[in-house]
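Engineer: 3D model of this:
(one chain, ligands or ions: 1)
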Amino acid sequence: MKKKIVKISAVVILLMAGNQANAVNNISSMNDLEIVSDSTKESFIVYGNCGMCKRTIEGSLKDQEGVYSADWNKETKMMQVKYDQSLISLEEIKIKIAAVGYDTEENRASEESYKGLPGCCQYERPESK
Ligand SMILES: [Cu+2]
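Structural biologist: So this is what the prediction gives:
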């Protein structure tokens, strides 16, 4: 009898692992993930210009563990992220974005990474505080 219980829990563990693998696969397609539990949704401004900025901004979070989706709107400059707070914080997310050259209200990109952006992507930076 005991053996059976052990077997069942092994199956449960396998199922759980399978779900995690699915979650990881879905990150790369940046799709909505209703199946992901523990997901927090936040939106904030990321300064930028164009479609190329969009690719770079969203790309900075693409293979990031704990980030399920990232969508930046070039008209409104609003970034929407879905992520797991137990794996990554909002601040860490903003640091990732700053690392590829894009400012948020809280985390400013380095002069160097900003200057490394293609000319058309060198957006008007907010005043530094
Ligand atoms: Cu751009």
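
Engineer: wait, residue 69 touches residue 79, no?
Structural biologist: No. The criterion here is Cβ atoms under 8 Å, and residue 69 misses it with residue 79 at 10.7 Å. In this view, the C-beta of every residue, glycine as well, is placed from N, C-alpha and C.

Engineer: hmm, residue 99 is touching residue 57, no?
Structural biologist: No. Contact status for residue 99 versus residue 57: not in contact, 11.0 Å apart, counting by Cβ under 8 Å.

Engineer: hmm, back to that, neighbour count for residue 69 and residue 79, which is higher?
Structural biologist: The neighbour count for residue 69 versus residue 79, taken as other Cβ atoms under 10 Å, is higher for residue 79 (24 against 20).

Engineer: state the distance from that one to residue 100.
Structural biologist: Using Cβ to Cβ, to the nearest Å, we find residue 79 at a distance of 13 Å from residue 100.

Engineer: overlap of the contact sets of the two?
Structural biologist: Residues touching both residue 79 and residue 100 (Cβ atoms under 8 Å, 6 or more residues apart in numbering) are residue 57.
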